[in-house]
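> Next come a sequence and a model predicted from it.
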Amino acid sequence: MSYLLPHLKNGWQVDQAILSEEERIVVIRFGHDWDSECMQVDEVLKSIQPKVKNFAVIYLVDITKVPDFNTMYELYDNCTLMFFYRNKHIMIDLGTGNNNKINFVINDKQEMIDMFEIVFRGARKGRGLVVSLKDYSTKYKY
């Protein structure tokens with residue numbers, strides 16, 4: 001499904017996507033199109049895109065073709081989602097200890113929409129860190 005979402009093919013395009021969007025959040029999926037985790041995330045992103053188009057714009061970046069941000073954003077995972085608003089990185093507290101990005105698969109479409117909406121509302125209020133509705137830490141799994 002990754003072919004249905006817009007790809008950013010170089011560092012300049014990524015910068016311009018983050019800089020040029022004034023009203024909506026910019027969601028960038030860093031990863032590989034061939035990775036199974038990314039395929040799952042891409043499918044969810046594509047299915048929710050029409051529902052979030054008023055407050056979020058979604059882009060994909062292949063981290064092997066565009067390695068410019070790998071060290072800056074510590075993109076060592078197979079699939080990473082990051083949020084930006086008015087040229088500012090928006091962090092999200094998921095209870096995992098890593099507030100900079102989402103580096104796991106979220107298959108639930110409504111959960112992903114809710115997450116985008118929380119990030120948008122918090123970013124619009126000027127917050128650099130928003131708290132997720134759901135705690136994704138492993139303490140409840142045992």
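Received the coordinates, thanks.
> All the helices of the protein, residue numbers only.
Secondary structure of the chain by DSSP state H: the helices cover 11-20, 36-52, 109-124.
> Of the ones you listed, give the one that comes closest to Ile58.
helix 36-52 (5.2 Å; Cβ to Cβ). To be clear about C-beta, it is placed using only N, CA and C from the backbone, and glycine gets the same treatment.
> picking that back up, which one of the helices of the chain lies closest to Asn103?
In terms of Cβ to Cβ, the element of these nearest to Asn103 is helix 36-52, at 9.2 Å.
> Pull the residues that contact the closest one.
With Cβ atoms under 8 Å, 6 or more residues apart in numbering as the contact definition, helix 36-52 has outside contacts at 1-2, 4-5, 27, 29, 31-33, 58, 60, 78-79, 81, 105-109, 112-113, 116-117.
> what angle do it and helix 109-124 make?
Counting by axes from the mean of the first three to the mean of the last three Cα atoms, to 10 degrees, helix 36-52 points 70 degrees away from the direction of helix 109-124.
> Report the distance from helix 36-52 to the chain centre.
Distance of helix 36-52 from the chain centroid (Cα atoms, centre = their mean, to the nearest Å) equals 11 Å.
> quick check: mean pLDDT across it?
What helix 36-52 shows for mean pLDDT is 95.
> So which bits of that helix are buried?
37-39, 41-42, 44-45, 48-49, 52 (16 or more other Cβ atoms under 10 Å).
> repeat for stretch 104-116
Quick answer for stretch 104-116 (16+ other Cβ under 10 Å): 104, 106, 111-113, 115-116.
> Make JSON lines out of the residues you listed and add distance to Ser132.
Formatted as JSON lines, the buried residues of stretch 104-116 follow (distance: Cβ to Cβ, whole Å):
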{"residue": "Phe104", "distance to Ser132": "12"}
{"residue": "Ile106", "distance to Ser132": "10"}
{"residue": "Glu111", "distance to Ser132": "9"}
{"residue": "Met112", "distance to Ser132": "11"}
{"residue": "Ile113", "distance to Ser132": "13"}
{"residue": "Met115", "distance to Ser132": "6"}
{"residue": "Phe116", "distance to Ser132": "11"}
